[in-house]
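please work out how this folds:
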Amino acid sequence: MYRQCLVHEEQRDLQLILWRDDPTQPLSIYRLNTVTYGTASAPCLSVRCLKQLANDSTNADVRRIINEDFYVDDMITGSDNKYNLMKLCEETSTTLRSGCFPLRKWIFNFTCNEFEPLIKIPTSTSPRACKKLTLNENSSHKTLGIGWLNDSDEFYFNTEFESDCNQTITKRKILSYASQIFDPIGILSPFILTAKMLLQQLWLLKLEWDDTVPNDIARQWNRFLASLPTLKTIRVPRYVKDMYAMYTEMHIFTDASQLAYGACIYIRSINTNNQTATVRLLCSKGKVAPLKTTSIPRLELLGALVGARLYDKMSSDPNDLLPLSPAHFLVGRPLTAPACDNLVDTPTHKLDRYQRVEQIRQHFWTRWAKEYLSELQTRTKCRENTQDLKPNTLVIIKEDNFPPLRWHLGRVVRNIPGKDGVARVAELQTTSGLIRRAYTKLCPLVDPDEHQTQTTSEAVGSQGFQGRGHV
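Numbering: from 1, shown residues only. Sure thing, here's the model as predicted:
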């Protein structure tokens with residue numbers, strides 16, 4: 001594709017190559033007249049040429065295909081009508097051929113010979129070049145790095161590793177093998193996360209790239225390699241909707257654990273004829289949990305954020321100005337939505353249909369936030385004797401309803417032990433009298449023993465200074 005784009009004559013001197021086959025020969029200067037693969041500007045220049053051909057086209061469908069259905073030099077497009085699709089292919093091919101971009105290696109998911117008498121595509125790019133693909137063949141067709149069975153219109157994965165059982169397993173080899181699994185739409189996210197979590201464990205062990213991994217990680221990696229052949233059996237329908245869909249829904253699920261979090265999108269369509277539902281996976285995204293210990297609620301929020309970003313990529317409507325945010329997963333609507341009256345305690349017979357639906361929504365999200373989220377956070381209780389606050393210790397008393405500058409001071413009078421003998425509450429003397437507060441609400445300022453020692457040292461230091469002054 002790059003070699004089909006000529007560089008302006010004034011810019012060709014920027015692509016000079018000095019070369020000679022033998023050191024005894026004089027240097028030869030070669031000038032590259034076309035866009036060169038490997039330069040930073042090559043992708044931009046070649047894609048810009050495609051965009052210009054789209055702008056010059058008078059066919060709106062051809063403009064759409066060139067602008068939206070190309071990934072560098074790969075075109076992936078479709079239509080609900082076979083004849084219209086073949087016609088679009090012919091017109092798109094003619095438009096691109098006018099700019100010296102001939103399309104070839106056509107692959108269809110149907111038999112296209114019947115359309116050849118009606119639609120003329122150059123022989124070098126004939127649709128008959130499409131072949132029946134099976135896993136038994138040595139060669140296979142890939143669409144943006146993913147295997148495509150054009151007869152059944154399904155995606156498949158055929159990742160193979162040449163591994164030796166006696167070969168030393170290192171962090172470098174694990175990363176190299178894991179990177180070979182190309183999964184841009186996240187179909188294999190649960191599978192790939194296994195390798196990512198192993199790499200995370202290796203980073204925690206601070207191993208060098210070529211150090212032998214521990215035996216437990218080696219066993220997990222060998223199990224991972226042994227499961228690779230199952231990838232060949234996975235078939236994912238390319239077209240996720242029902243052919244005769246009456247309406248279509250998009251469902252986003254998010255989840256998290258201490259090890260990983262992620263989200264996935266399913267498309268649910270209802271058939272017009274028999275009212276049956278078809279549910280298929282569209283895409284997913286998974287990530288390994290941070291190394292720093294993070295609570296489950298926070299990881300759930302990270303999973304919701306992943307789901308929001310997946311949804312944002314799904315929408316190409318310029319009029320869709322409202323992105324899906326984590327608030328949709330937490331309260332069922334964006335935080336900027338107009339506030340509704342609290343209808344949780346309102347009797348049902350006093351509500352109309354809209355208010356009843358709003359009441360159900362409020363009731364659900366209230367229970368979800370208070371009952372479900374609180375269970376995700378493991379609360380550890382102090383069960384051992386720690387260092388109690390010493391009497392006369394000066395503390396700051398944290399008040400939730402006041403800013404820090406208005407927090408009061410107090411002195412510890414005594415510690416109050418619980419039934420298990422562990423003190424978690426202290427009695428304090430303040431300007432307003434005696435109060436009791438939990439240790440979590442107290443911030444010690446000065447230890448009375450340290451304060452007494454410091455006072456004594458200051459007194460001694462002051463006497464010494466006076467003595468030296470008399471000398």
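
backbone torsions only: list them for residue 174.
phi -60, psi -40 (degrees, to the nearest 10).

give me every residue that touches it.
195, 198, 199, 202, 213, 221 (Cβ atoms under 8 Å, 6 or more residues apart in numbering). All C-beta atoms are positioned from the backbone trio N, CA, C, and that covers glycine.

the same query, at a cut-off of 7 Å, please.
Residue 174 makes contact with 195, 198, 199, 221, according to Cβ atoms under 7 Å, 6 or more residues apart in numbering.

of those, buried ones?
Among the contacts of residue 174, the ones that count as buried by 16 or more other Cβ atoms under 10 Å are 195, 198, 221.

so which helix or strand takes in the second one?
So that's residue 198. Here residue 198 sits within helix 189-205, counting by DSSP states H and E.

pLDDT weak spots in this structure?
Scanning the chain for pLDDT under 70 picks out the ranges 114-145, 160-165, 315-339, 373-386, 446-471.

tell me how it divides into domains.
2-130, 156-236, 382-471 (automatic domain parsing).

any chance of those in TSV, with distance to residue 343 too?
Formatted as TSV, these follow (distance: least, Cβ to Cβ, whole Å):
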stretch	distance to residue 343
domain 2-130	44
domain 156-236	39
domain 382-471	28
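
of all these, which one is nearest residue 287?
domain 156-236 (8.0 Å; Cβ to Cβ).

pull the distance from that closest one to the chain's centre.
20 Å (Cα atoms, centre = their mean, to the nearest Å).

first-to-last residue distance for it?
One end of domain 156-236 to the other measures 7 Å (Cα to Cα, to the nearest Å).

hey, where'd the helices end up in the stretch 351-471 of the chain?
353-367, 373-376, 448-470 (DSSP state H, counting those that start in this stretch).

which residues in the stretch 101-250 of the chain form helices?
171-179, 189-205, 215-226.

tilt between the longest one and helix 171-179?
Okay, so that is helix 189-205. On the basis of axes from the mean of the first three to the mean of the last three Cα atoms, to 10 degrees, helix 189-205 is oriented at 160 degrees to helix 171-179.

for stretch 28-45, which positions count as buried?
34, 35, 36, 42.

typo on my end, it should be stretch 66-80
66, 70, 75.

one more: stretch 197-207?
198, 200, 202, 207.

which residues does the last one contact?
The one in question is residue 207. Applying Cβ under 7 Å, 6+ apart, the residues contacting residue 207 are 171, 213.

roughly how far apart are it and residue 221?
Applying Cβ to Cβ, to the nearest Å, the value for residue 207 to residue 221 is 13 Å.

the third one now?
As for residue 202, its distance to residue 221 is 10 Å (criterion: Cβ to Cβ).

can you tell me which of the buried residues of stretch 28-45 are in strands?
Of these, none are assigned to strands by DSSP state E.

for these, give me a markdown table that also has distance to residue 172.
Listed next are the buried residues of stretch 28-45 as a markdown table, based on distance: Cβ to Cβ, whole Å:
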| residue | distance to residue 172 |
| --- | --- |
| 34 | 38 |
| 35 | 35 |
| 36 | 32 |
| 42 | 30 |
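
name the nearest of these relative to residue 231.
residue 42 (33.3 Å).

OK, contacts around that closest one?
Taking Cβ under 7 Å, 6+ apart, one finds 2, 35, 36 in contact with residue 42.

need those in a markdown table (columns: distance to residue 351).
Output for the contacts of residue 42, formatted as a markdown table (distance: Cβ to Cβ, whole Å):
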| residue | distance to residue 351 |
| --- | --- |
| 2 | 65 |
| 35 | 66 |
| 36 | 70 |
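
closest one of these to residue 104?
Nearest to residue 104 among the contacts of residue 42: residue 2, at 16.0 Å, using Cβ to Cβ.

next, count neighbours for that closest one.
Using other Cβ atoms under 10 Å, residue 2 is surrounded by 17 other residues.

what's the answer for residue 366, then?
13.

who's in contact with it?
residue 344 are the contacts of residue 366 under Cβ under 7 Å, 6+ apart.

distance check, it against residue 344.
Distance from residue 366 to residue 344, by Cβ to Cβ: 6 Å.

for residue 25, helix, strand, or coil?
Under DSSP: H, G, I helix; E, B strand; the rest coil, the three-state class of residue 25 is coil.

burial measure for it, as a count.
Using other Cβ under 10 Å: residue 25 sits among 9 other residues.

ditto for residue 13
Residue 13 has 10 neighbours, counted by other Cβ under 10 Å.

not counting sequence-adjacent ones, nearest residue to it?
residue 31 (6.9 Å; Cβ to Cβ, 6 or more residues apart in numbering).

so in terms of bridging, what pairs with that neighbour?
Here residue 31 sits in beta bridges with residue 16, as judged by DSSP bridges.

what sits against it?
Contacts of residue 31 by Cβ under 7 Å, 6+ apart are 12, 13, 15, 16.

between those residues, which is nearest residue 109?
Among these, and counting by Cβ to Cβ, the member closest to residue 109 is residue 15, at 41.0 Å.

count the residues that sit near that closest one.
By other Cβ under 10 Å, the residues close to residue 15 number 15.

ok, now which ones touch it?
Contacts for residue 15 (Cβ under 7 Å, 6+ apart) come out as 7, 31, 32, 36.

any figure for the gap between it and residue 37?
For residue 15, the distance to residue 37 - Cβ to Cβ - is 12 Å.

check residue 96 too.
For residue 96, the distance to residue 37 (Cβ to Cβ) stands at 19 Å.

so residue 428 touches residue 435, yeah?
Yes: with contact defined as Cβ atoms under 7 Å, residue 428 counts as touching residue 435 (5.4 Å).

who has more neighbours out of these two?
For residue 428 versus residue 435, the count of surrounding residues by other Cβ under 10 Å is larger for residue 428: 23 against 14.

now do that one against residue 418, distance only.
For residue 428 relative to residue 418 (Cβ to Cβ), the value is 17 Å.

kindly report the same for residue 200.
40 Å.

likewise for residue 91?
From residue 91 to residue 418 the distance is 81 Å (Cβ to Cβ).

what does residue 257 give?
Counting by Cβ to Cβ - residue 257 and residue 418 are separated by 33 Å.

with residue 10 instead?
85 Å.

who's more crowded, the two?
Taking other Cβ under 10 Å, residue 10 and residue 418 do not tie; residue 418 has more neighbours (10 against 7).

ok, now which ones touch the more buried one?
Contacts of residue 418 by Cβ under 7 Å, 6+ apart are residue 424.
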